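Asker: what's the 3D shape of this:
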Amino acid sequence: MLAEIDRLLDNHTYGEIAMLLNERGLTTGGGKKLDGYRVKRIRRGYKLRSRKSRLHERGLLTLDEASEMLGFCKAIVRRKRAKGVLPMAAHKLNDMGEYMYEPLPPENTEKSSHCSSSDRRGAV
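Answerer: Sure, this is the predicted structure:
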């Protein structure tokens, strides 16, 4: 199971991994169903690389980095991602709605420094 968790972390969140392993009938050593928290504990206990470090190694950007690259405030990046109009692909980082973003070549960046207080309040 450990090797499978390590492999799945490249493309799935803890919750998604738990669901996939449960569907295969795998359980904890104590026979309990897996959940995201248990998968996280297994990853930490066996010192597997985190999903975030794996995505960062692939060149994906954090929300702060994507915001800086695009010149949008974080709220606008979140909103554009939610609406499907962000000019970069987003990958789910975790089960709490956080994402990491594929970088764009410099000639494709859409610069805007505008972010009003209403943008921040209306963020997804």
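Asker: What is the neighbour count of A75?
Answerer: Neighbour count for A75, taken as other Cβ atoms under 10 Å: 19. Any C-beta I mention is one placed from the backbone N, CA and C, and that applies to glycine too.
Asker: mind checking how far it is from K92?
Answerer: According to Cβ to Cβ, to the nearest Å, A75 and K92 sit 19 Å apart.
Asker: Likewise for K40?
Answerer: 15 Å.
Asker: before we move on, what about N11?
Answerer: In terms of Cβ to Cβ, N11 sits 9 Å off from K92.
Asker: out of those two, which sits in the more crowded spot?
Answerer: Taking neighbours as other Cβ under 10 Å, N11 and K92 compare with K92 leading, 17 against 13.
Asker: Isn't the more buried one up against Y99?
Answerer: Yes. Assessed by Cβ atoms under 8 Å, K92 is found in contact with Y99 at 5.9 Å.
Asker: residues shared between the contacts of the two?
Answerer: Counting by Cβ atoms under 8 Å, 6 or more residues apart in numbering, no residue touches both K92 and Y99.
Asker: contacting residues around the host helix or strand of I5?
Answerer: Following DSSP states H and E, one finds I5 within helix 2-8. Helix 2-8 is contacted by residues E16, I17, L20, L21, L26, V39, I42, R43, Y46, L48 when judged by Cβ under 8 Å, 6+ apart.
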